[in-house]
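Asker: Next input, structure requested:
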Amino acid sequence: MRWWLLSTFLLLQVIALVCATEQKVLTKDDNDAHATKPEPAGETDVASSEQHAWTPYQNGWELVNEAMAELRKIKPTTHRRPKKQTGFFTTILQHALKALPSLRATAPPGHDHAQPAATGPLLDGVKLLQQAADQNNTDALYLLGQFNFYGNYSYPRNFKTAFNYYYRLASQHGNSSAQYMVGLMYATGVGDAVEQDLAKALLYHTFAADQGHTRAEMTVAARHMNGIGVPKNCEIASKYYKRVADKAMAWFRSGPPGGMTIIPEAYRLSDEVGGVYGEGASVVSSGINALKASPSSDTYASIDDVIEYLDLMSQKGDFKASFNLGRLYYEGQRGLERNVELARRYFLSVTTKYWRTKDGRTVDGAKPQLEKIASKAAGYIGRMWLRGEGVGQDFKTAQRWFERGIKHGDSQSQWGLGLMYLHGYGVPKNIPKALELFKASADQDFSLSHVALGALHLDQGQPNDLKVASQYFEAAARWYNLEAQYYLAEMIHHGVGRDKTCNAAMQYYKNVAERSEPLVSSWTEANQAYEDGDLELAFLGYLMAAEQGYEKAQNNVAFLLDPTHSVFALPDWLRRQASKPRLLQNSALALIYWTRSAIQGNIDAMVKMGDYYLKGIGTEVGWEKAAQCYTGASEYFQSAQALYNLGWMHENGVGLTQDFHLAKRYYDQALETNEEAYLPVTLSLLKLRVRSAWNTFTHGRVNSIQDEPAPTKDWSLKEWIQNFLQDENAYYEDAYEDYYDDTITGSDGEPMGDELDDELDGLIDSLLILSLVGSIMFLVWYRAQRMQAHRQAQENHRQAQENAALQQMQQLQQQQQQQHQAGGIGGMPGAVPPGQQRPGQPFPPMGGDNFVPWGVGGVGH
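Answerer: Residues are numbered from 1 along each chain as shown. Okay, here's the model as predicted:
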């Protein structure tokens, strides 16, 4: 047994040594690649001589030219593709290997990561730039500041030196880019180069913004909007956001017909791991935001897996998969580079299945729904010819493809041909024809047609036209159309056709400015640095975007600085990974950006704020502030983590009154908000009930748990049926249907694998509804029959009584007639003769013999 254990241990040691050797070699290769890393253009703002001509009248311009020549000798390297996420067992094995001792003597890890010294062309170029800077050359001063700030070409970072170069250039020459960088360093205190000073930061940012520096304008606008170091002022924020939006719209319209193509790069790093607190514990991945995996969903699929699957289906002849592949490559997304040539090939593979290549006629025996997908593919191909994407711009060819798509009602083809008639691209201008095509496309909710119609109505200037234009722009803004948001901002800002509202206009301007990422932000460079593993460079890029007001960038900065990523922290002797760089060890700055992210509506960031105040991370311990953060995050039952934390605070009396009953209520609400919190909530409730029972037994002062009886209600038949139907609809309703509108489907247009389930569900629902309706109709018919029978019985009873009474009367009359005929006086038995009084009668009958004496005697008395 011991021999087996020893053998296993030695085998694991060998594996660990091999992995360590490979890691060492890989690290060396990475360092070599990093040493030749090119300088990102977005970080330097100094391009080649074609864009920025060297000014000969400055001293040292020859040295700058020589330095640039030396820097061009550094061989640029292509970026590495991000690695696919490893599986569960692979991750476990990697952590197990890291936990094993390596049997190597290593020095304790230092706080500062050693950086390679500059050598070769880089060293020569920097020396030349320093000589030019000594002669007060502005280009040299700026480039040296960039080298020391970003570490371009693997130059060692030195933030204090970078600040000196920037400050010298800003104060002596008024350079707006240098003023912006000085303001950034004062605002963040990054690298401990200067002490954080919000007043000086705002001053330098304002100087740069007034000279038209775009990033400085966004920074000043964000500070006045959120009240960072300055009172909130909507008018000033709107003014600066409008400047950036005007530049963004001019840049957008400078592109081919239809505008520039913008691929969104902004995203939260924490979303890749399920949120700040991990999968299932964060708001973004729990409760109503938790996407349920199903056989036909792509909830946990990577873009590479989706591409691979669609390509397999396309090779099998699935035209819908080919179209989806073409659209993915044409539009592009983060993690998938745009490839219009490959997109056109996929679109052509769809159209050739419906139209013949030679004469353009439709093929015989086309598959169902092929004409619809082929028309959409024709619209994309026509759009590529119109814009000159992947092919030479050719309006005639674009018109031919648009006309093919229009025959089957494709909205994009209608918009494209309408745009050609509107501007006269290869055809005579025909505004009525363009208007007709735009309306047909807008009826199918195509956002670009909405914008075109809105612009045409806006040009008319009449009150009714302005109202219609506003409606069209709002319809397009629902699809986050950049141009529509800009039109709405302009209408609201100037009070044209809309009420003049500063906050609404500012928000629209902000959306336009932030979505123009390639023009105004450093998102692309920061994302690439993060994927390459350069966390410090990624941090600097996110930091700049965060100062410009991007909520996602603020969240990323705080996430990189957060010292509490792992909930179950391993002991120091078991952790083998290197410590964080000193640049990323700033908990106070992390709290600042968690706060700014929370101000813009991020719930997880607000919970993080509570954690920092609760534990005193980056600030003093503030239990009351922590309770306020948790309470704000728990409103409308959005964060189960916040509800759980409030329950814990009530249970232990930390920052809140110790109350076991309230603690149980918060725990229960946490479980209602997130079903995945079952285990921690159940364990906490078990411990809470034990403490509450002991508190009750010892007559403690804490309010114990008091079980509240559940209220009961007697439902009528109508209420029972309504609630039953409502529960059934809620059960069968797909709460995440909107997420899968564009999921992978088969050639029949339906999601794969759900045909039988959908048919069975529809059949069961139909039978259930029909049975309920039939039961209700039977009950109504039965009740009507019973009421009719009851009324008939009453009528029969009344008729019987009337017949009986009539028979009795007839019998009585017959008896009277028989007695009269029998011969009695007066025709009646026992009749009294005339003139005589009937016994018991009070006076004699009138006309009788005794009537006169009786009357005289009465008078006499």
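Asker: How many neighbouring residues does Asp318 have?
Answerer: Other residues within reach of Asp318, judged by other CB atoms under 10 Å, total 20. In short, each C-beta sits where N, CA and C put it, glycine included.
Asker: could you measure it against Leu310, distance?
Answerer: 8 Å (CB to CB, to the nearest Å).
Asker: can you check Tyr630 too?
Answerer: 44 Å.
Asker: which one of the two has more residues nearby?
Answerer: Neighbours per residue (other CB under 10 Å) separate Tyr630 from Leu310, with Tyr630 holding more: 29 against 21.
Asker: Quick check: phi and psi on Tyr508?
Answerer: The phi and psi values for Tyr508, taken as degrees, to the nearest 10, are phi -70, psi -40.
Asker: Same check on Gly227?
Answerer: Note on Gly227: backbone dihedrals following degrees, to the nearest 10 are phi 70, psi 40.
Asker: Likewise for Asn339?
Answerer: Asn339 has phi and psi values of phi -140, psi 90 when expressed as degrees, to the nearest 10.
Asker: Sketch out the low-pLDDT regions of the stretch 751-861 of the chain for me.
Answerer: For the stretch 751-861 of the chain, the stretches with pLDDT under 70 are 751-763, 819-861.
Asker: what do you get for the chain?
Answerer: Low-confidence segments of the chain, defined by pLDDT under 70, span residues 1-57, 76-116, 291-301, 566-578, 708-715, 717, 724-725, 727-763, 819-861.
Asker: Which strands or helices does the biggest helix by length in it pack on?
Answerer: Counting residues, the longest helix in the chain under DSSP state H turns out to be helix 755-821. Packed against helix 755-821 by the contact rule (3 or more CB pairs under 8 Å, 6 or more residues apart in numbering; DSSP states H and E) you find helix 717-732.
Asker: can you give me the strands in this protein?
Answerer: Secondary structure of the chain by DSSP state E: no strands are present.
Asker: So what's the residue count around Leu770?
Answerer: The tally of other residues near Leu770 (other CB under 10 Å) stands at 10.
Asker: Distance-wise, check it relative to Ile764.
Answerer: Per CB to CB, Leu770 is found 11 Å from Ile764.
Asker: next one: Asp134
Answerer: 85 Å.
Asker: and what of Tyr421?
Answerer: For Tyr421, the distance to Ile764 (CB to CB) stands at 52 Å.
Asker: between the two, which one's more packed in?
Answerer: Legend: neighbour count by other CB under 10 Å for Tyr421 and Ile764, higher for Tyr421 (22 against 12).
Asker: give the contact list for that one.
Answerer: Val427, Pro428, Lys429, Asn430, Ile431, Lys433, Ala434, Leu437 (CB atoms under 8 Å, 6 or more residues apart in numbering).
Asker: buried subset of those residues?
Answerer: Burial by neighbour count, judged by 16 or more other CB atoms under 10 Å, picks out Val427, Lys433, Ala434, Leu437 from these.
Asker: Show me the helices in the stretch 351-500 of the chain, by range?
Answerer: Secondary structure of the stretch 351-500 of the chain, counting by DSSP state H, counting those that start in this stretch: helices at 370-387, 395-407, 411-423, 431-442, 447-460, 463-477, 482-494.
Asker: any chance of the ones you listed in TSV, plus distance to Asn158?
Answerer: Conversion of the helices of the stretch 351-500 of the chain to TSV gives the following (distance: least, CB to CB, whole Å):
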stretch	distance to Asn158
helix 370-387	46
helix 395-407	54
helix 411-423	53
helix 431-442	57
helix 447-460	49
helix 463-477	46
helix 482-494	40
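Asker: Please identify which of these is closest to Ala118.
Answerer: Distances from Ala118 to each of the helices of the stretch 351-500 of the chain were compared by CB to CB, and the smallest falls on helix 482-494, at 42.3 Å.
Asker: can you state the direction angle for the closest one and helix 463-477?
Answerer: Compare the direction of helix 482-494 with that of helix 463-477 by axes from the mean of the first three to the mean of the last three CA atoms, to 10 degrees and you get 130 degrees.
Asker: What lies in contact with stretch 774-791?
Answerer: Residues lying outside stretch 774-791 but in contact with it, judged by CB under 8 Å, 6+ apart, are Ile721.
Asker: Give me the buried stretch members for that stretch, please.
Answerer: Of the residues in stretch 774-791, none are scored as buried under the neighbour-count criterion (16+ other CB under 10 Å).
Asker: so how far is that stretch off the chain centroid?
Answerer: 54 Å (CA atoms, centre = their mean, to the nearest Å).
Asker: Using PDB, write down the CA coordinates of it.
Answerer: As requested, the backbone C-alpha atoms of stretch 774-791 are provided in PDB (Å, rounded to 0.1, in the frame of the first residue of the first chain):
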ATOM      1  CA  GLY A 774     -67.900  21.900 -22.200                       C
ATOM      2  CA  SER A 775     -68.300  21.400 -18.500                       C
ATOM      3  CA  ILE A 776     -69.400  25.000 -18.000                       C
ATOM      4  CA  MET A 777     -71.900  24.700 -20.900                       C
ATOM      5  CA  PHE A 778     -73.300  21.400 -19.400                       C
ATOM      6  CA  LEU A 779     -73.700  23.100 -16.000                       C
ATOM      7  CA  VAL A 780     -75.500  26.000 -17.500                       C
ATOM      8  CA  TRP A 781     -77.800  23.700 -19.600                       C
ATOM      9  CA  TYR A 782     -78.500  21.500 -16.600                       C
ATOM     10  CA  ARG A 783     -79.400  24.500 -14.400                       C
ATOM     11  CA  ALA A 784     -81.800  25.800 -17.100                       C
ATOM     12  CA  GLN A 785     -83.500  22.400 -17.300                       C
ATOM     13  CA  ARG A 786     -83.900  22.200 -13.600                       C
ATOM     14  CA  MET A 787     -85.400  25.700 -13.400                       C
ATOM     15  CA  GLN A 788     -87.800  24.900 -16.300                       C
ATOM     16  CA  ALA A 789     -88.900  21.700 -14.600                       C
ATOM     17  CA  HIS A 790     -89.500  23.600 -11.300                       C
ATOM     18  CA  ARG A 791     -91.600  26.300 -13.000                       C
END
